[in-house]
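Q: no sequence on this one, just coordinates:
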DNA sequence: CCCTGATGTCCGGTCTATTGACATCAGGGC
DNA sequence: GCCCTGATGTCAATAGACCGGACATCAGGG
């Protein structure tokens, strides 16, 4: 089922991502050295290339893992509320708070080389968007089956984009933004109940 | 220094030993199946042979690891006493207590196939003896440098053999045996102080 | 203008696990 | 007594992954 070799492969990838994460947090995308990632993990530079293709692949993989972890926490905020609108508000606020003190987000937006890394959240943001979409859609449908599936998708998409925008370019405080989003999307959600 | 490959190799060996340990505790030496050890670890049967040579090698390796762990605890008992004779008594008692509820020792002495496994502690006990000797000698010399090195070796050897004998063939209670050993060896130790 | 350091690619060598086959042996059932 | 099963132990061929070195390329700095 799950062989030692498979576990080892996963572990290798995980340790490489740990090393890359640390390097990015410490020195941003520019400070990330492929050779250094390998060295810290006790593996050759070539192995890093075999695993991720190129440097951009490393950044993407780090971001994907971080996004997954991020979404677990956001989904937990969603799940704490019986009413979908309350859940929406809580999730938005949680996401903004988490993002504001996430070392990787900070590094991506402010460290040297941020012009590259920040694209993960802007012009090259499909990966993060899609991943978040999948996780959130699934979770919302499970929690509030009474809302039409299409409308869930629409709602998640809009909220997601607003949140992402605020992460990249902060406006009002998290709680304020969350209330705004809930207020604006609330009527739509209510009208779509079966 | 310590590459990913080396760590993986150690981990493999460790997981194989875990699987073998469980199998032996559950079914004794006869109940140990090479294929099962591999299967539980997610590795082929051949890999088990590559690592340990043969079934006896597996048992030896399990015993060696267990002995090391055992000695850490026994040495801790030694270290808790400033006087060598007190230390000796405490170590003997600790060893006998630990052995009496050690699952591996129980399996080796009572489970089916114990005729084979028990040889590790009797006719084929060199490995365990030597390992214990090294660890204990080093520890004792470090703790009580005032005792002549030769006499330490002698003393450890005798105490060790008495303890091993009591493990295989229990006599008086641990505390009693410990006191006996301390009483008998005490004068010798005292006389050898520099 | 060269020198340095980093990315990315290629390839041959090596190590290790895997797979399948085989010989051997002990125990149990017919 | 004889065969069948299951286990140990051995062997060779194969495959997969990492390694090491070499190389082209490019950007930045003295």
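A: Noted; the coordinates are in hand. Model, not experiment: these values are computed from the prediction.

Q: three-state assignment of residue A:95?
A: With DSSP: H, G, I helix; E, B strand; the rest coil as the basis, residue A:95 sits in helix.

Q: so what does the helix or strand harbouring residue A:28 touch, helix or strand wise?
A: Residue A:28 is part of helix A:4-31 when elements are defined by DSSP states H and E. Counting contacts by 3 or more Cβ pairs under 8 Å, 6 or more residues apart in numbering or on different chains; DSSP states H and E, helix A:4-31 packs against helix A:34-41, helix A:45-52, helix A:55-79, helix A:103-110, helix A:114-117, helix B:4-31. In this view, the C-beta of every residue, glycine as well, is placed from N, C-alpha and C.

Q: quick one: the spatially most central residue of chain A and residue A:90, what's the gap?
A: For chain A, the residue sitting closest to the mean C-alpha position, by Cα atoms, centre = their mean, is residue A:67 at 2.6 Å. Computed as Cβ to Cβ, to the nearest Å, the residue A:67 to residue A:90 distance reads 19 Å.

Q: Kindly report the same for residue A:125.
A: Noted for residue A:125: a distance of 23 Å to residue A:90, by Cβ to Cβ.

Q: could you point out where chain A is predicted with low confidence?
A: Judged by pLDDT under 70, chain A has its weakly predicted residues at A:1, A:111-115, A:194.

Q: what's the burial count for the residue of it found nearest DNA strand D?
A: Using Cβ to the nearest atom of the strand, the closest approach of chain A to DNA strand D is made by residue A:44 at 3.2 Å. Residue A:44: 15 surrounding residues under other Cβ atoms under 10 Å in any protein chain shown.

Q: Next up, the contacts around it.
A: residue A:38 (Cβ atoms under 8 Å, 6 or more residues apart in numbering or on different chains).

Q: do the same with the one 4 residues further on
A: For residue A:48, the residues meeting the contact criterion (Cβ under 8 Å, 6+ apart) are A:16, A:34, A:37, A:38, A:58.

Q: Quick check: chain neighbours aside, which residue is closest to it?
A: residue A:38 (4.7 Å; Cβ to Cβ, 6 or more residues apart in numbering or on different chains).

Q: next one: residue A:140
A: Computed as Cβ to Cβ, 6+ apart, the closest residue to residue A:140 that is not its neighbour in sequence is residue A:152, at 5.1 Å.

Q: quick one: residue A:20 from residue A:138, how far?
A: Relative to residue A:138, residue A:20 is positioned 28 Å away (Cβ to Cβ).

Q: Give me the phi and psi for residue A:147.
A: Backbone geometry at residue A:147, expressed as degrees, to the nearest 10, gives phi -90, psi 140.

Q: residues in chain A within reach of chain B, list them.
A: Contact residues (Cβ under 8 Å from any Cβ of the partner chain) of chain A with chain B: A:1-8, A:11-12, A:15, A:41-43.

Q: Could you export these as CSV, including neighbour count?
A: Output for the residues of chain A next to chain B, formatted as CSV (neighbours: other Cβ atoms under 10 Å in any protein chain shown):
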residue, neighbour count
A:1, 5
A:2, 8
A:3, 12
A:4, 18
A:5, 14
A:6, 11
A:7, 15
A:8, 17
A:11, 14
A:12, 18
A:15, 17
A:41, 23
A:42, 18
A:43, 20
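
Q: any chance of the residues you listed in TSV, with distance to residue A:168 too?
A: Below are the residues of chain A next to chain B laid out as TSV (distance: Cβ to Cβ, whole Å):
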residue	distance to residue A:168
A:1	42
A:2	38
A:3	42
A:4	42
A:5	40
A:6	37
A:7	37
A:8	37
A:11	33
A:12	32
A:15	30
A:41	31
A:42	36
A:43	34
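
Q: Can you tell me, leaving aside adjacent residues, what's nearest to residue A:193?
A: Using Cβ to Cβ, 6+ apart and skipping the chain neighbours, the partner closest in space to residue A:193 is residue A:146 (5.4 Å).

Q: thinking again about what came up before, residue A:20 and residue A:138: which has the busier surroundings?
A: Between residue A:20 and residue A:138, residue A:20 has the larger neighbour count (other Cβ under 10 Å), namely 25 against 12.

Q: Tell me who's in contact with the residue of chain A found nearest DNA strand C.
A: Nearest residue of chain A to DNA strand C: residue A:55, at 3.2 Å (Cβ to the nearest atom of the strand). By Cβ under 8 Å, 6+ apart, the residues touching residue A:55 are A:32, A:34.

Q: what's the answer for the one 10 residues further on, then?
A: When contacts are counted by Cβ under 8 Å, 6+ apart, residue A:65 touches residue A:17.

Q: please redo it, this time with the cut-off set to 10 Å
A: A:13, A:14, A:17, A:18, A:20, A:21, A:104 (Cβ atoms under 10 Å, 6 or more residues apart in numbering or on different chains).

Q: Fine by me, we can end here.
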